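> could you look at this predicted model? Sequence included:
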Amino acid sequence: MPNSSMSNQTTVENWLKAQLAEQLSLEAEAIKATEPLTRYGLDSIDAVTMVGDIEDVLDEELPSTLFWDYPTIAKSAQFLVENYDVSALADAKDEPVEELEETVAAPVASAGKSKGWGGLFG
Amino acid sequence: MTNLEQYQTAEALEKALGDPNIPESVMSFQKVMEIDETEAFPHEEIEWLYNWKLADYYTPTNCGGKFTNFEEFVAIVRVLCRRDQTTGIAFTTMFWSFLCWMAGTEEQKAKLSKFVREEHGAMCLGYSEKEHGSDLVNGDLTATKVPGGYLLNGEKWPINRATISGISFVLARTGEKGEAKGLSLFMVDKREIADSEYYNLPKIHTHGIRASDMSGIGFKNCFVPDSMLLLKEGDGLELGLKGFQITRTLCAAFSLGAVDTALRTTLNFASERVIYNKTVFDLPQPRRILVDAFLDILLCDCETIGAARGFSVIPQQFSVWASVVKYFVTTQIENTINNIYPVLGSRFYMRDEHDFGMFQKILRDNSIISMFDGSTVVNLHALMLQFRQLTKQRRRRQPETMKGIAERLEQIFSLANPVPAFDANKLELFGRGMDDPLHGLEVALKKLDELQQNAELNQEVLSKLINLGNIVLEELDAHDSEIANSKFEFGHDQSPELFEIAKKYCTLHASACCLHMWLYNRNSLGDFFAQGEWLVLSLHRLLRTIRPLPYTISEHYIENVAQELVKLHQENKSFSIVPIQLAEANTIKQEDNTNAELINV
Ligand SMILES: Cc1cc2nc3c(=O)[nH]c(=O)nc-3n(C[C@H](O)[C@H](O)[C@H](O)COP(=O)(O)OP(=O)(O)OC[C@H]3O[C@@H](n4cnc5c(N)ncnc54)[C@H](O)[C@@H]3O)c2cc1C
């Protein structure tokens, strides 16, 4: 459905804008979908790291060079919409940057015992 | 002789090179000092290494050589660099061949294999430019498409072996400045380009590795055929960064080779020199400094050998592990060398006294290792970018995740078992939050707990290890909550605090590697290793930098480690968790200012 893919495209674009705005300390409105991401100070290694953030939300393995191959928000959003189920981004859109503390559980209990020197030097 | 097969080539090379204390040996200390003083490139020594067929060990078996994994490689490079980092590095620019082994076509690989193994060819890596060091994507050297190939324009500088090499790996811009896909990597064979279209830049005079061919290369409308392009146009940065994962990790071997000699020459002095009716080594403070230096080597061994083997098991995690090794091992060893020179006294500063003046040369040579091939800040920066994902992934671990990690750790750290051949296709630009050595810390702690049933083990050592292991865990948990609660921003304006957090992460990483190394090799690396006292002291030494801990944890353990150090020194074995036999048990007794006299022991 063209309509839904159009709105998917917008959802992904907005999510990416919010993400970038947060992590580059910019206003989301100031980011244009058609400008190269590097224009906003996102360097090549940052761009690779950002793929990991999307992987987390989509729960899919993406090409690590995604933002190198599709270097604008419009192009990368289009690639994602065409190749992946992006509905998870729609759900995440109100909360652009995932708060680590709240979203991840700690299934493997830390075996940490006493603080400090723990009788080591007794 | 060690019974670990992967160290036997290093031992054979040692033997063939001969005792470096004997002036007639290949790469003897006397010769390499002369070379350093004249700053003339070590052609003869390099040719000797080719004739020994050392290039085979830089070439994978499927390309006609003998290379299968990096553990053997690290041991070989240490043998070279304990004699001379200049020659060791000059020969080892051949590790750039991995760019071709990784990405080349069958023709490109066959050609390079023949070039290095049969034609004794060498190569250089042209990434840096005068105006752009670490900032690769803004390079000015361009490659413009023309029919059948490209025209190169621009200069690469400062480049090791830019002049004395037949092949240059050149990173050139084929797109816009700043674009990640705007770079392409060429394997430029100088025999096949017009002499008039390229030139070399003059020798750069350096503080250390003075006999190196430090120079540069420039191109002026230089035609290179399409067959010299590696992968596709635009793939240069990805390939370059993956190549760095290999070479950055291997840089640790340059440092570990040099520090062996730094410590050995200082021990030669400290065990002979009498002051206040005692040898220097019998004074408590210098003795402790030298024991600490030995511990530094052992703990860096755990990190380096672990990584060298890890390449074969978890190559996809090396965007993290390579950064840790490159930062941690090279700076730790720099500190080690700085810590021990006061023990050598004024001789550390002299250019011909005491073992031919090797110490001052090592001090100068070694200080480049943490800088080239990705500097300390570049590596810490690369690491910190992955912190959020490392933290998330660690918290998400499930019992099956832990099972997988435990299996991989056993494969990586059990030195008695061969690792699979290295597969460069599995390298990844980012590690998806995985870091087995630290994420498997709980596996190690559980094993320590289980060892409490083992009557053969010294339970005092074990209880100290458990306590220290738990400190590592507490610090790692604290690191994770710090990362989880801090706001992250991209870009290059990372806070100085974050650099310190990254350093601390590396310290915890090294601690975890030490624990794993001990746990999986207690029964195979000899009594001293098995005792675990060195491990208690190493963990204490590492953790003391991030927590206030008492200066001494056990005088008794320190004394035992001192005894082992003396034993390795007397038996002429390398300072390592896998001590190899060094060439011929001959020592030079050298009086200051007098001629060297050979004594058989
Ligand atoms: C002996 C020797 C051999 C070499 N061999 C080679 C070779 O074979 N091939 C090759 O291509 N190059 C080689 N180099 C070049 C070397 O890799 C570069 O010098 C290195 O990349 C640093 O570049 P730069 O000095 O231009 O400094 P820049 O990278 O321009 O850095 C300038 C300053 O910015 C800081 N900085 C950089 N990045 C960050 C960051 N992310 N966060 C905070 N601060 C930062 C640096 O610490 C430094 O203070 C060699 C250099 C030497 C000295």
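Yes, it's here. Residues are numbered from 1 along each chain as shown, chains lettered A, B, ... in the order given.
> for the ligand, give me its nearest residue in chain B.
As assessed by CB to the nearest ligand atom, the ligand sits closest to B:Gly133 within chain B, at 1.9 Å. Every C-beta, even on glycine, is put in place using the N, C-alpha and C of the backbone.
> show me the shaky parts of chain A.
Applying pLDDT under 70 to chain A flags the ranges A:1-6, A:92-122.
> ranges for the strands of it?
Assigned by DSSP state E, chain A shows no strands.
> and if you look at the stretch 1-150 of chain B?
Listed in chain order, the strands found in the stretch 1-150 of chain B under DSSP state E, counting those that start in this stretch are B:123-126, B:142-146, B:149-160.
> now do the longest one against strand B:142-146, angle only.
On the basis of axes from the mean of the first three to the mean of the last three CA atoms, to 10 degrees, strand B:149-160 is oriented at 160 degrees to strand B:142-146.
> can you classify the nearest residue to B:Glu39 once chain neighbours are set aside by secondary structure?
Residue nearest to B:Glu39 in three dimensions, not counting chain neighbours: B:Arg210, with 4.7 Å by CB to CB, 6 or more residues apart in numbering or on different chains. Under DSSP: H, G, I helix; E, B strand; the rest coil, the three-state class of B:Arg210 is coil.
> re the thing from before, now do the contacts for the residue of chain B closest to the ligand.
Shown in contact with B:Gly133 (CB atoms under 8 Å, 6 or more residues apart in numbering or on different chains): no residues.
> show the pLDDT at it.
On pLDDT, B:Gly133 comes in at 85.
> which of the three states applies to B:Leu508?
Per three-state DSSP, B:Leu508 ends up helix.
> please work out how many residues are found near it.
Neighbour count for B:Leu508, taken as other CB atoms under 10 Å in any protein chain shown: 23.
> residue contacts, it?
Here B:Leu508 is in contact with B:438, B:472, B:475-476, B:479, B:546 (CB under 8 Å, 6+ apart).
> could you work out the most separated pair of those residues?
Greatest spacing in those, by CB to CB: B:Leu438 and B:Ile546 (14.1 Å).
> looking at those two, which is more packed in?
Using other CB under 10 Å, the more surrounded residue of B:Leu438 and B:Ile546 is B:Leu438, with 22 against 18.
> and the nearest residue to that one once chain neighbours are set aside, what element?
Ranked by CB to CB, 6+ apart and with sequence neighbours excluded, the top spatial neighbour of B:Leu438 is B:Ala512, at 5.1 Å. Per DSSP states H and E, B:Ala512 falls inside helix B:496-521.
> what are the buried residues along the next helix-or-strand element following that helix?
Sequence order places helix B:526-531 as the next helix or strand after helix B:496-521, per DSSP H and E. Within helix B:526-531, the residues that count as buried by 16 or more other CB atoms under 10 Å in any protein chain shown are B:528-531.
> which among the residues you listed gets closest to B:Gln6?
Nearest to B:Gln6 among the buried residues of helix B:526-531 is B:Phe529, at 16.5 Å by CB to CB.
> contacts only, for B:Met350.
Going by CB under 8 Å, 6+ apart, B:Met350 touches B:357, B:360.
> any idea how far it is from B:Ser463?
B:Met350 sits 47 Å away from B:Ser463, taking CB to CB, to the nearest Å as the criterion.
> sorry, back to before: what sits against the residue nearest to B:Glu39?
By CB under 8 Å, 6+ apart, the residues touching B:Arg210 are B:36, B:39, B:86, B:364.
> hmm, the last one is touching B:Ala211, no?
No. Counting by CB atoms under 8 Å, no contact exists between B:Arg364 and B:Ala211, whose distance comes to 11.7 Å.
> and the two? Which one has more around it.
B:Ala211 (23 against 16).
> what's the longest helix along chain A packed up against?
For chain A, the longest helix by residue count, based on DSSP state H, is helix A:2-24. Here helix A:2-24 touches helix A:44-58, helix A:73-83, helix A:87-91, going by 3 or more CB pairs under 8 Å, 6 or more residues apart in numbering or on different chains; DSSP states H and E.
> tell me the most buried of those helices?
Most buried of these by mean neighbour count (mean count of other CB atoms under 10 Å in any protein chain shown) is helix A:44-58; its value is a mean of 21.
> next, count neighbours for the residue nearest to B:Ile204 when sequence neighbours are not counted.
Using CB to CB, 6+ apart and skipping the chain neighbours, the partner closest in space to B:Ile204 is B:Met214 (4.3 Å). Burial measure for B:Met214: 22 neighbouring residues, criterion other CB under 10 Å.
> show the contacting residues for B:Met214.
B:158-160, B:162, B:203-204, B:206.
> setting aside sequence neighbours, what's the nearest residue to residue 35?
In the absence of a named chain, chain A is used. Nearest non-adjacent residue to A:Glu35 (CB to CB, 6+ apart): A:Thr72, at 6.3 Å.
> wrong one, chain B
Per CB to CB, 6+ apart, closest to B:Ile35 is B:Ala211, 4.7 Å.
> cool, and B:Asn200?
Nearest in space to B:Asn200, with sequence neighbours left out and distances taken as CB to CB, 6+ apart, is B:Thr163 at 4.3 Å.
> quick one: that neighbour from B:Asp365, how far?
Distance, B:Thr163 to B:Asp365, using CB to CB: 20 Å.
> so these two - more neighbours on which side?
Between B:Thr163 and B:Asp365, counting by other CB under 10 Å, B:Asp365 is the more crowded of the two (27 against 17).
> the more buried one and B:Arg83 touch, don't they?
No. Using CB under 8 Å, B:Asp365 makes no contact with B:Arg83, being 11.3 Å away.
> helices of the stretch 401-550 of chain B, start to end?
B:436-439, B:441-450, B:459-484, B:496-521, B:526-531, B:533-543 (DSSP state H, counting those that start in this stretch).
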